[in-house]
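[1] Have a look at this prediction, sequence included:
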Amino acid sequence: MRFGIAVFPGTWSDRDCKHAVELAGHEAVMLWHKDRDLQGSDCVILPGGFSYGDYLRAGAVARFAPLMESVIEFADADGLVWGVCNGFQILCEAHLLPGALTRNSSLEFRCAPTWLRVETVDTAFTGGCARGDVLQVPVSHGEGRYVADEETLDMLEREDRVAFRYVRRDGSAAEGETPNGSMRDIAGIVNERRNVLGMMPHPERACEPMLGSSDGMRLFSNVANSVSCTGAMPVAAVS
Amino acid sequence: MTSVEIVVASDADLAEVALTRAEYVHLVDSLGREPNRLELGIVGALWSEHCSYKTSKPLLGTLPTKGPRVLQGPGENAGAIDIGHGLACVFKIESHNHPSAIEPYQGAATGVGGILRDIFTMGARPIALLDSLRFGPLDEPHQRHLFDGVVAGIGGYGNCIGVPTVGGELYFDESYRTNCLVNAMCVGIVEQGKLTRATASGPGNLVLLVGADTGRDGIHGASFASVVLDAGSAARRPAVQVGNPFLEKCLMEACLELAGDPRVVAMQDLGAAGLCGSTAELAHRGGCGIEVDVARASRRETGMTPYEVMLSESQERMLIVAKPEDVRSLQAVFERWDLHSDVVAVILPEQRFVVRDGTDQVCDLPLDLLVDGAPLRGAPGPPPDRPKPAVADAAAAPSWTPDEALLALLGSPNLGSRKGVYRRYDHQVGDATVILPGGDAAMVRVDGTTLGLALATDGNSRYTALDARHGAMIAVCEAARNVVATGAKPAAVTNCLNFANPEHADVWWNLYDAIDGISAACTALDIPVVSGNVSLYNDTGGTGIDPTVVIGMVGVINDVAGRCTAGFRDEGDVVGLVGPVAAELDGSEYQRIAVGVNAGSPPHLDIDLERRVHAFVIEAIEADLLHSAHDCAEGGLAIAIAESCLLGDIGASVEIDELGDAKGLINGAAGILFGESQSRFVISFAREALVRLHELAGRHSVPLRGLGSVGGERVCVTQCIDVSLADVRCAHEGALIERE
Amino acid sequence: MTFAVEVVVVLKPVVNDPQGLVVRDGLHRLGFPEVRAVRVGKHLELEIEGDDEASVRAQVEAMCERLLRNTVIEDSRIGSISVLSGSAM
Amino acid sequence: MTFAVEVVVVLKPVVNDPQGLVVRDGLHRLGFPEVRAVRVGKHLELEIEGDDEASVRAQVEAMCERLLRNTVIEDSRIGSISVLSGSAM
Ligand SMILES: Nc1ncnc2c1ncn2[C@@H]1O[C@H](COP(=O)(O)OP(=O)(O)O)[C@@H](O)[C@H]1O
Ligand SMILES: [Mg+2]
């Protein structure tokens, strides 16, 4: 299958995502922020980085890139969109996902391994996992504290839209001991139609034992499996 | 020739540009006339210590810079070595001490920005950063402020641009109370055929200035780094530059797109002394001249004078030399990255440095005089008598038990865990960091190959303070040991020499000795020096820093799969010591903490033994005989064992015969446990490897002995130390945490 | 005409502000115990061409909704609007 | 009495403001070409106990020098000072 990887000025996980996609045996195409063509991608990854320096607010400027218009159309047509780190921030800024990502409660950047509990398996990204599986995936961000009002948080839980929660290494609840202070320990969520995932940790950095974990590879495989099962994905917007 | 006023420089004029009267007289004699103000400012910048190396250049010539791997030695923006597979590894270390003392966040951030540009100017993609930091005692609020600001600034720049900061070092010592040190190292990779040089050629070729608009940033920054900090330093504060890592990321990607492109004749970053330093060096290297038109440089502010445009140190700017017919198509590459560019200069056939402001010619200087004409400075006096500092009175030590001493050392700011620092740095972006920070050298793998690069910085100024030559030798050895502990072979060195005011004879001779020591050690270990940086005048109000030699080392391992790490691994493994056991406490961290002094002679170094020990460890790792290897450095044997336990999350129990039946820290026991004897590694291995390792050690004439075994949840030294791993971890991880 | 417009962007009252807490604690430590609370927001100064204050205000309000604030967690308000001497470059 | 004090912290005029540049370019891209310059600073809201406005102002000025602004690159000014209903908690 074909993963499209968005490249904004200031994106730096694009190369790592490409590496992970290719390691998983799939095709990666780079999508330049000034273009609108998604080049037939089956899944669009919005990778990590500091698009536009993350000045003002992380993701605030990137959401208006021409490419994002196509990504939004693609998402509206049930295309798979996967925002990682800065990509998650962009998705929230673009209102494809509810809530916002704010400065880590420590006010410090954090680069460290984290453990994620899979909270829903009802998405293309987590379909091959079991609920409660714990994945070791590193974080690397300064603005990853997930914030939303109580109503939104309740709705996310009620609709089974929390994809991942930070947990302790042994899988027990983190109870607030997260790298960023996210509300309800949330590390990733999906949209209502479950085709858009945003997550702060970096699965593309956890695809080889040599790098400390290969748990991230499971997510890439899940996406690929779901695409090959459901067959053709919506045609990417071209303009 | 010029419409600009010519003045005979007053003492105040000379002070502003940091030239001496003698230098001025030499300038006037060589020119055959008085310079105008702009010319004076330009000469001041280029003749500053920072740009001209007028004090250190005569000394640096003795460094060994040749070797089969060396593709580019000192002289370019960075050094380059051949790592096989048609690839070059490009690297350099640089200081940003003075700016960081004034504004720690921005000073450190722009230091990282500067060293990154040195690497991608050569066409190489930066793949790793390291930072070597020195502050005064951490319990002082101002030092904590500097430390926090510098760490945030390094992370702020490196994290944003997406280059991992994989290692470095951090020391706290009285001598840095008024002068912190911030040295940053960057390592990049480029196909050898795309290695780009900063040598202008082709009269008539045009020079593009790309990137940030020019503002009144850091005017006189180069001179600023070449004078002693004083009360007036505050007045020079407009010198503070604010970095824009986002812009640098765009600049980097655009420049890398152009690496190896035949349209690019040369590339040169703008650093110290801004446009005037970069254009002059570019032309000088190519044996031609250059004419700059300041009116063509885009400004961030209105009303800037030619003087300000030429001397501005605005960050994130780059020069590209190209044939006139290629300029338009090159500009298109930059526009894709939303980067603005202006044609600001033209290459001249004759070696002149001409500046014009539109139609007015405002400067015309012989290029050779400007770049190479600064009168060199020799020794300010004969070597002073340096009485050996008295040996410390061990009786002054507190009556610690060995357990207490172990925890006190592990919990001290110099030996404690650096996790609080490196977790604020993205050390994993690039998917290449195969040995993470926290052990000895970090290792990054090289994309598309099985190669790994082991990277380390090292430099213990307690040793150089006691004996500059000997301490510098140890710095080289210790950096090499960090690299060797991973299984990589040391390949080349970059170095940063941080010293006080060299106009004092003792400082000058320390510099002389330190360079001599680096040369001696690098020659003996066969490791060439390919780049470096000198930072002098780290001196405030008459108090200078201890001589500080920072060695940055790159080692190569052919297959990352064979790398070794520092943590103990398997229950039941043998713990072994490679190298001697002696009781040498002088210059040690134990001496600092227990006795509160730095005295005596630094530990003995047998450079030939050092070389053999390296060969032994590398061969043992290659033969897959070791489960861990950790160099034994500050804090000595007991600390090295405890660190390997922490890294492996498993205990160990050892016996050191020399301790006899000592029950406290008396009769040399402290020296055996915590002395910092050189040329040592703590290793662990399966019992079955014992015979082969002894055979190998015999072949290399290297002392090797078994000390005990890996296992359990305690750190034990028979009859002396017995502490739980949890207590050890708690002490170690708490070392940098602020105590209210 | 060129106008100078000040815009203030602050977190909505329900969103907690760790930065504000750190500043408050820092002030306490420095000997200012009388500080009860601190909130940290953004202050933007815009230089903008326009015909009159009303149209400039409308433009800046649009900018706030589209970019300057995150409507989910932030409020914004326009502060002073003044005419800068000199007209467009 | 409790006062609410607004403090504005901005970069000194000659200091480079990369953030402002990105916001300006972002606004241009969003169809606001009339924006000539943007500078981004901080807006702090302090709640502070004090006897009268003059002493509160003096206190806040001292806080600015000691902590709230980075004296090397930033300027600060005190905006509105108002009395909050209710006295100290
Ligand atoms: N300032 C720093 N920045 C990043 N990493 C650091 C820094 N200081 C130390 N480290 C990392 O922490 C580890 C231990 O450092 P250090 O105690 O200086 O090692 P050693 O004494 O063996 O040279 C190394 O991985 C080193 O790279
Ligand atoms: Mg080491």
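    It's in. Ligands and ions are numbered 1, 2, ... in the order given.

[2] contacting residues around the spatially closest residue to B:E655 that is not a sequence neighbour?
    Among residues not flanking B:E655 along the chain, B:T718 sits closest, at 4.1 Å (C-beta to C-beta, 6 or more residues apart in numbering or on different chains). Placement of C-beta: from N, CA and C, glycine included. Counting by C-beta atoms under 8 Å, 6 or more residues apart in numbering or on different chains, B:T718 makes contact with B:653-656, B:659, B:708.

[3] Then B:Y176?
    Contact analysis of B:Y176 by C-beta under 8 Å, 6+ apart lists B:134-136, B:545.

[4] Repeat that for B:V309.
    By C-beta under 8 Å, 6+ apart, the residues touching B:V309 are B:214, B:275, B:294, B:297, B:299.

[5] Make sure it is indeed in a strand.
    No. Secondary structure of B:V309 (DSSP: H, G, I helix; E, B strand; the rest coil): helix, not part of a strand.

[6] follow-up on the earlier one: need the contacts of B:Y176 in CSV (columns: neighbour count).
    Converted to CSV, the contacts of B:Y176 look like this (neighbours: other C-beta atoms under 10 Å in any protein chain shown):
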residue, neighbour count
B:R134, 27
B:F135, 26
B:G136, 20
B:I545, 26
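
[7] Would you mind putting the residues you listed into a markdown table with pLDDT, distance to B:T165 and secondary structure alongside?
    Formatted as a markdown table, the contacts of B:Y176 follow (pLDDT from 0 to 100; distance: C-beta to C-beta, whole Å; DSSP: H, G, I helix; E, B strand; the rest coil):
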| residue | pLDDT | distance to B:T165 | secondary structure |
| --- | --- | --- | --- |
| B:R134 | 98 | 17 | strand |
| B:F135 | 98 | 18 | strand |
| B:G136 | 98 | 23 | coil |
| B:I545 | 97 | 24 | coil |
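
[8] what two of these are the furthest from one another?
    Farthest apart among those by C-beta to C-beta are B:F135 and B:I545. That separation is 11.0 Å.

[9] Flag the shaky bits of the chain, pLDDT-wise.
    Just going to use chain A. For chain A, residues meeting the criterion pLDDT under 70 lie at A:230-239.

[10] Oops, wrong one, chain C.
    In chain C, residues with pLDDT under 70: C:85-89.

[11] List buried residues within the contacts of B:T718.
    B:653-654, B:656, B:659, B:708 (16 or more other C-beta atoms under 10 Å in any protein chain shown).

[12] What residues does chain A have near chain D?
    Within chain A, the residues that sit near chain D (C-beta under 8 Å from any C-beta of the partner chain) are A:52-53, A:55-56, A:60-61, A:64.

[13] of the residues you listed, closest to chain C?
    A:A60 (6.3 Å; C-beta to the nearest C-beta).

[14] Helices of the stretch 551-700 of chain B, start to end?
    Under the criterion DSSP state H, counting those that start in this stretch, the stretch 551-700 of chain B contains helices at B:589-590, B:607-622, B:636-648, B:669-674, B:690-699.

[15] Pull the fourth one out as CSV, backbone CA atoms only.
    What it means is helix B:669-674. Extracted as CSV, the C-alpha positions of helix B:669-674 are listed here (Å, rounded to 0.1, in the frame of the first residue of the first chain):
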residue,chain,number,x,y,z
ALA,B,669,41.3,2.2,50.5
ALA,B,670,39.8,5.5,49.3
GLY,B,671,42.4,5.7,46.6
ILE,B,672,41.7,2.2,45.5
LEU,B,673,37.9,2.6,45.4
PHE,B,674,37.7,6.2,44.2
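
[16] can you tell me the average pLDDT over that helix?
    With pLDDT averaged residue by residue, helix B:669-674 scores 93.

[17] Kindly report the same for the first one.
    Per-residue pLDDT values over helix B:589-590 give a mean of 95.

[18] Quick check: the gap between the residue nearest to B:E655 and chain A.
    For B:T718, the distance to chain A (C-beta to the nearest C-beta, to the nearest Å) stands at 33 Å.

[19] got the contacts of B:Y176 as JSON lines, with distance to A:F109 columns?
    Below are the contacts of B:Y176 laid out as JSON lines (distance: C-beta to C-beta, whole Å):
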{"residue": "B:R134", "distance to A:F109": "22"}
{"residue": "B:F135", "distance to A:F109": "20"}
{"residue": "B:G136", "distance to A:F109": "25"}
{"residue": "B:I545", "distance to A:F109": "29"}
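
[20] Which one of the residues you listed is nearest to A:A94?
    Among these, B:F135 lies closest to A:A94 (C-beta to C-beta), at 42.7 Å.

[21] And the contacts of the lengthiest helix in chain A?
    Taking DSSP state H as the criterion, chain A has its longest helix at helix A:216-230. Here helix A:216-230 makes contact (C-beta under 8 Å, 6+ apart) with A:1, A:3, A:20-21, A:23-26, A:42-43, A:80, A:82, A:124-129, A:135, A:137, A:202-208, A:233.

[22] and if we set it to 7 Å?
    A:1, A:20-21, A:24, A:26, A:42-43, A:80, A:124-129, A:135, A:137, A:203-207, A:233 (C-beta atoms under 7 Å, 6 or more residues apart in numbering or on different chains).

[23] Of these, which are in range of chain C?
    Checked against chain C using C-beta under 7 Å from any C-beta of the partner chain, these yield no neighbours at all.

[24] Out of these, which sit inside helices?
    Going by DSSP H, the helices hold A:20-21 from the contacts of helix A:216-230.

[25] Which among the contacts of helix A:216-230 count as buried?
    Buried members of the contacts of helix A:216-230, scored by 16+ other C-beta under 10 Å, are A:1, A:20-21, A:24, A:26, A:42-43, A:80, A:124-129, A:135, A:137, A:203-207, A:233.

[26] roughly how far apart are B:C255 and chain A?
    In this structure, B:C255 and chain A are 14 Å apart, going by C-beta to the nearest C-beta.

[27] List the contacts of the residue of the stretch 401-550 of chain B at minimum distance from chain C.
    Residue of the stretch 401-550 of chain B nearest chain C, by C-beta to the nearest C-beta: B:R424 (15.4 Å). B:R424 is in contact with A:108-109, B:151, B:155, counting by C-beta under 7 Å, 6+ apart.

[28] what residues does chain B put near ligand 2?
    Residues of chain B found near ligand 2 (C-beta under 5 Å from the ion) are B:440, B:482, B:631.

[29] now for the one helix or strand B:D131 maps to, which elements pack on it?
    For B:D131, the element it lies in under DSSP states H and E is strand B:125-135. Where contact means 3 or more C-beta pairs under 7 Å, 6 or more residues apart in numbering or on different chains; DSSP states H and E, strand B:125-135 is packed against helix B:104-120, helix B:141-161, strand B:165-172, strand B:181-191, strand B:452-458, strand B:548-557.

[30] That concludes my questions; thank you for your assistance.
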